[in-house]
Every structure is written in C-alpha cells, then in structure tokens.
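Participant: here is a sequence together with a model predicted from it:
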Amino acid sequence: MTWRRRLLFAAPLAVVAAGGAGFYTILRRMQAQNYDPHALPSPLIGHKPPAFTLPGLNGGPGFSNTDIAAPPQPMLVNWFASWCIPCAQEAGLLYALSQAGLPIWGIAYEDKPEAIASYLGQYGNPFQRLATDASGLTAINWGVYGVPETYLIDKTGIVRWRWAGAITDDVLQNRLNPLLRQYS
Amino acid sequence: MKRLIFILLLLPCLAFAQMVSRDGVTLTQDQENRAEAIGDQLRCLVCQNESIEGSSAALAHQLRVIIRQQVVAGVSNKNIMAYMVQRYGIFVLLKPPLSPLTWLLYASPFLAVALGFCAAWIARRSRPPPPAPLSAAEQERLQKLINT
C-alpha cells in the first residue's frame, strides 16, 4: 500500500477517534456536573438586573433591584423553589457559603409560602434576604429558564456570572471562587 | 322593521364569533395566527428542540401568554422578538440571525463547496500523466498480436 492509500484508510479512523474523544470529554464533564450542554449564556451578564420589586415571605420584606444596585461586597442572587430537586442538592453548599460570610439573597420561583417555609426549615436558610416571585414574571425578565439559577452581582450592581443548575463543589472551586476573588 | 333592527343589533355578535381563546387570552383569529407565527420561530428554553408554540412546558405556556398579550396590545412582531432576545439571547431564535457569532455557520455551505473544489483540483494535479502513445514498432507488434 502506498502512503497515499494508507492515509485514505486512516482519515475516517482519525475522525471517529477525534469524535469519540470529544464525546468522552463531554460525558465526563457532564458526569462531574461542571458542564451542562443545555446551559445558555445569559444576556444579563455585563448589565444590571431589570427593574423589579418583589414581596417577601408571608408579608415579610422582599427586595427590589435598587437593593442590589450597589452591594458592599459581591453577592449571589439564587433563584430556587421547594419543588426543585437540584435546589435541594445545592442547599447545603449555599448554607455553608452563607455561613462563611458570602451574602446570598434568594428569590422563590413559583412557589407557595408554606412550601418555601418548610423547605428552608428542612435545608437551612442561607438567605440574607428573601423575595417571592409567585407569578414567575420577574424570572422571565431576568431570563431565568429553570431553577436553580444563581447570579453573581459585583459591587457596582452588575451581573458578572450566571449558573443554571445546582452549584457543586467543582463549580464553586473552578468557577465561582476565582470570580469572587476577582470582583471582591 | 322590528326584525331588521333586531338583526342589526345582533351584528356585533359576529365580531365575537371570530374571537378565539388560547392560553387564557382572548384574541381575534388574525391575532392568534400572528401569535402562532411568532411562537413557531421561538425556541422553548426548557425542551430546547421544541418551539414555544409546540411545547407543553410551563415556561413556554407563560411565554405564549406574553406573546398574545403583546399582540393584543398592538406590539409589532419585531418588538416581540426583541423582547425575547433581550431576555434569553439569540439562542431563543430557532433561526439564528446573521451576526459575527453566526458568520461561520452561514458561510459553511460555501466553505464546503470551496473545499470540494480545492480537493478536486489537487487530485487532478497529482494524477500521473497519461502514458505516451505507442511507437511505430509497438503498433506493429500490437497488430501482429491481434491478427494471430
């Protein structure tokens, strides 16, 4: 066989091998939960959140966009719901983060007050402030397409990062922590 | 006369007969057609290969309601699309717009054709030259072989 023929036979094999390596990497990263093929880039990044005013839980104080316009340190806004399974998965990590001094504000997405209260009772309340978006319309203005979603807001009130899905240890270490250092 | 007045009074009912209700919003058939045309061009963010119009996800339902409310309010198609893109980015459009991000996507058929021509040209160039025509002696020998 001439080298040309060998190349001809090797080319499809090389394509299959490269494709296989690519798929293997994607699957491995999906398993490690630091890659979500359905995740979208948020158009909110680089901008301030849209205007909103949301009530709190059971008549408590909620918050509005002006309350997060200039936080003293970088903060997270976490969209969650008691009916959402990945929310419960990240609840422990959020609680630990809040205990370590990171301000996390929560917005309950399309949820009932009693369900929110019992969820926070069960998993611990990591939120400095809590608002409720019962209709889900504010979520649409933020471009939220599922829960949980977590937004990093810097000291100038600008959204720097959005994570759709549960925050895992890996996401915290490789993505969130470097950003928190960068914007603190 | 009385009958005529009665019929005339019933005429506005015809307008209501043309009204349809979808996702809890009442609108005319024309408006509904417009809303469906918009929804067909938008991706459902939850089940990402379905349109908003075809999806049964709760978010798709909410977006259908918003589209219909805006259609009834007289918002233009362009502005309704802009409303969606502002919130969810160009990924929400099932047909991506021409932008620096999608240049490669739209150029790919032309690139593929150009690549094909290149391959054909290289294959043609590297083909060995045709053999030289037979010499007189070879012709003679060939004739002999044929004739035997």
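Facilitator: Right, received. Where do you want to start?
Participant: distance of the residue most central in space within chain B relative to B:Met84?
Facilitator: Centroid check for chain B by Cα atoms, centre = their mean gives B:Lys95 as the closest residue, at 5.2 Å. Noted for B:Lys95: a distance of 13 Å to B:Met84, by Cβ to Cβ, to the nearest Å. All C-beta atoms are positioned from the backbone trio N, CA, C, and that covers glycine.
Participant: return the residues in contact with A:Gln33.
Facilitator: By Cβ atoms under 8 Å, 6 or more residues apart in numbering or on different chains, A:Gln33 lies in contact with A:165-166, A:168, A:170-171.
Participant: now with 10 Å?
Facilitator: Residues near A:Gln33 by Cβ atoms under 10 Å, 6 or more residues apart in numbering or on different chains: A:86, A:89, A:165-171.
Participant: shared neighbours, B:Lys95 and B:Met84?
Facilitator: Residues touching both B:Lys95 and B:Met84 (Cβ under 10 Å, 6+ apart) are B:41-43.
Participant: nearest spatial neighbour of whatever residue of chain B ends up closest to chain A, chain-adjacent residues omitted?
Facilitator: As assessed by Cβ to the nearest Cβ, chain A sits closest to B:Leu45 within chain B, at 3.6 Å. Nearest non-adjacent residue to B:Leu45, counting by Cβ to Cβ, 6 or more residues apart in numbering or on different chains: A:Tyr145, 3.6 Å away.
Participant: pLDDT score assigned to that neighbour?
Facilitator: At A:Tyr145, the pLDDT value in this model is 93.
Participant: filtering the shared contacts of B:Lys95 and B:Met84 by proximity to chain A, which remain?
Facilitator: Applying Cβ under 10 Å from any Cβ of the partner chain, the subset of the shared contacts of B:Lys95 and B:Met84 adjacent to chain A comprises B:Arg43.
Participant: please identify which residue in chain A comes closest to chain B.
Facilitator: Chain A approaches chain B most closely through A:Tyr145 (3.6 Å), counting by Cβ to the nearest Cβ.
Participant: doesn't that residue lie inside a strand?
Facilitator: No. Counting by DSSP: H, G, I helix; E, B strand; the rest coil, A:Tyr145 is located in no strand; its state is coil.
Participant: now stretch B:58-65: buried residues?
Facilitator: Neighbour counts over stretch B:58-65 (16 or more other Cβ atoms under 10 Å in any protein chain shown) mark B:59-60, B:62-65 as buried.
Participant: so which of those residues sit within helices?
Facilitator: Mapping the buried residues of stretch B:58-65 onto helices (DSSP state H) picks out B:59-60, B:62-65.
Participant: would you list those in JSON lines and tack on distance to B:Asn147 and pLDDT?
Facilitator: Below are these laid out as JSON lines (distance: Cβ to Cβ, whole Å; pLDDT from 0 to 100):
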{"residue": "B:Leu59", "distance to B:Asn147": "87", "pLDDT": "94"}
{"residue": "B:Ala60", "distance to B:Asn147": "84", "pLDDT": "95"}
{"residue": "B:Gln62", "distance to B:Asn147": "91", "pLDDT": "95"}
{"residue": "B:Leu63", "distance to B:Asn147": "86", "pLDDT": "96"}
{"residue": "B:Arg64", "distance to B:Asn147": "87", "pLDDT": "96"}
{"residue": "B:Val65", "distance to B:Asn147": "92", "pLDDT": "96"}
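Participant: so which of those reach chain A?
Facilitator: The residues of these that also fall near chain A, by Cβ under 10 Å from any Cβ, are B:59, B:62-63, B:65.
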